[in-house]
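Engineer: Here is my input, please return the structure:
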Amino acid sequence: MLFFYHIFLHAYDSGIRFASSWNAKARLWVEGRNNIFERLKAAAEKGKGPIIWMHSASLGEFEQGKPVLESLKTNYPHHRILLTFFSPSGYEIRKNFDGADMVFYLPLDGRIRSRKFLDIVRPELAIFIKYESWFYYLNGLHKRRIPTLLISAIFTPKQQFFGPMGGFLRTLLESYTHLFVQDAASAAILQKFKLKAPVTIAGDTRYDRVAEIMGRPFHHPAIEGFCNDANTMIAGSTWQEDEEMLSGLLDTQPDLKLVIAPHEIGIKHLQEIKQLFKQHILLSEVDDHERLKGARVLIIDCIGMLSKLYRYATICYVGGGFNVAGIHNILEPAAYGKTVIFGPNHNRTAEANALIKTGIGFSYSTKFDLISITENLLSDIVTRTSLEEAARNFVLHRKGATDIIVRHIAENRLLSNS
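Structural biologist: Predicted structure coming up:
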């Protein structure tokens, strides 16, 4: 299997370099790794103190790991934090994150590259988030006896780990010092396959993250002026299919306002959204409240605000439910006590199924379903208020994963005190 893994690495590297000639994300992936070992060495030698290395595949995993990162930074102030990303969608947004001492792309896995990386960084502790595992990095950490944790992991029988060719992938999991999984089902499947690495059911650190965001004060005059106590839907991380559905909804709800924060804010996509919603205004165009008059749709044409915006909603919509990858983060609106509507592709998201089961989340497939769900939520204030309390409790009762992980690190002395 290692032979085929080498073929995969070579094919991935060649393919993304070829695609970089026309694909912007591929180009960022390649350019971000130019001279990476020289830059990494300079950054590592610049500061003092042992290094905690946290790796995130992309932005979503970073948000998931952030509560642990922040807790470790507080409890171990003499340590430095190295944060790495595999994807440009994570690195390009968080490359200036001030909670880490160093932020880099992770060099593609390989025997030589992983050895160079570990020789430079020499982490005292390594933390991977949710699922991304690389053979040579994990094998190198294991051989060097560096404690390595996988946090907020979730496993299902349909994953490749447990398929016909899953033996090689399960050896990667056994390179971890400890696995912190989200639920009992994940622990059970690991036990069924007799995984040797210790497993703890800790829960999902995203609940800690969204609860922390919800507790922060936030004030935005333009958005507050737009909403102005009207029934408002906040639609986050939307794609074209979502936006087309939402444009039909507004035609049937003349008193409903819409704040839309698209997943992509490139010029082409923003232009497509503007064509769908005639009574629109871009957030960047709002210089005073007079500009908001007559607008029914406020388009958020910047990044980093979405998790704070849901507090202004009457009801929320989360995009991605018509894509192969599935819906985006529905815990953020739930933390504010908001009911959430999303598309049909949600079966890979455990919290979506849980929200539907408890009556807080609503999945739909057609524009008529979306109209019906929205009308019912807007017209029945008593029921909606009850659901809002249930949504808040859904998140608050699932907090605590971060404390379990950080306590394990302290009790097992995985980090030095100086």
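
Engineer: got the CA positions of the least confident helix or strand in the chain by mean pLDDT in PDB?
Structural biologist: Lowest by mean pLDDT, DSSP states H and E among the helices and strands of the chain is helix 166-173, with a mean of 83. C-alpha atoms of helix 166-173 as PDB (Å, rounded to 0.1, in the frame of the first residue of the first chain):
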ATOM      1  CA  GLY A 166      -8.600   0.300   5.100                       C
ATOM      2  CA  GLY A 167      -5.700  -1.600   6.800                       C
ATOM      3  CA  PHE A 168      -3.100   0.900   5.700                       C
ATOM      4  CA  LEU A 169      -5.200   3.900   6.700                       C
ATOM      5  CA  ARG A 170      -5.800   2.300  10.200                       C
ATOM      6  CA  THR A 171      -2.100   2.100  10.700                       C
ATOM      7  CA  LEU A 172      -2.000   5.800  10.400                       C
ATOM      8  CA  LEU A 173      -4.500   6.100  13.300                       C
END
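
Engineer: which secondary structure elements does it contact?
Structural biologist: Contact here means 3 or more Cβ pairs under 8 Å, 6 or more residues apart in numbering; DSSP states H and E; on that basis helix 166-173 packs against no helix or strand. To be clear about C-beta, it is placed using only N, CA and C from the backbone, and glycine gets the same treatment.

Engineer: That one: which residues count as buried?
Structural biologist: Across helix 166-173, burial judged by 16 or more other Cβ atoms under 10 Å covers 169-173.

Engineer: Could you list which residues are in contact with the residue sitting furthest away from the middle of the chain?
Structural biologist: Going by Cα atoms, centre = their mean, the residue of the chain most distant from its centre is residue 290, 35.8 Å out. Taking Cβ atoms under 8 Å, 6 or more residues apart in numbering as the criterion, residue 290 is in contact with no other residue.

Engineer: Next one: it from residue 261, what distance?
Structural biologist: Going from residue 290 to residue 261 by Cβ to Cβ, to the nearest Å gives 23 Å.

Engineer: what's the answer for residue 389, then?
Structural biologist: The gap separating residue 389 from residue 261 is 25 Å, by Cβ to Cβ.

Engineer: ok, these two, which is more surrounded?
Structural biologist: When residue 389 and residue 261 are compared for neighbours, residue 261 comes out ahead with 23 against 11, by other Cβ atoms under 10 Å.

Engineer: From the opening residue of stretch 181-200 to its closing one, how far?
Structural biologist: End-to-end distance of stretch 181-200: 6 Å, with Cα to Cα, to the nearest Å as the criterion.

Engineer: can you confirm residue 298 is in a strand?
Structural biologist: Yes - note on residue 298: a strand contains this position according to DSSP: H, G, I helix; E, B strand; the rest coil.

Engineer: Tell me the bridge partners for it.
Structural biologist: For residue 298, the beta-bridge partners are residue 259, residue 281 (DSSP bridges).

Engineer: Contacts only, for residue 47.
Structural biologist: Neighbouring residues of residue 47 by Cβ under 8 Å, 6+ apart: 80, 101.

Engineer: Now do the buried residues in whatever helix or strand residue 42 lives in.
Structural biologist: Counting by DSSP states H and E, the element that carries residue 42 is helix 36-46. Buried residues in helix 36-46, counted by 16+ other Cβ under 10 Å: 36, 40, 43-44.

Engineer: ok, now stretch 192-201?
Structural biologist: By 16+ other Cβ under 10 Å, the buried positions in stretch 192-201 come out as 195, 199-201.

Engineer: And for stretch 241-258?
Structural biologist: For stretch 241-258, using 16+ other Cβ under 10 Å, the buried residues are 242-243, 245-247, 249-250, 253, 256-258.

Engineer: ok, now stretch 82-94?
Structural biologist: 82-92, 94.
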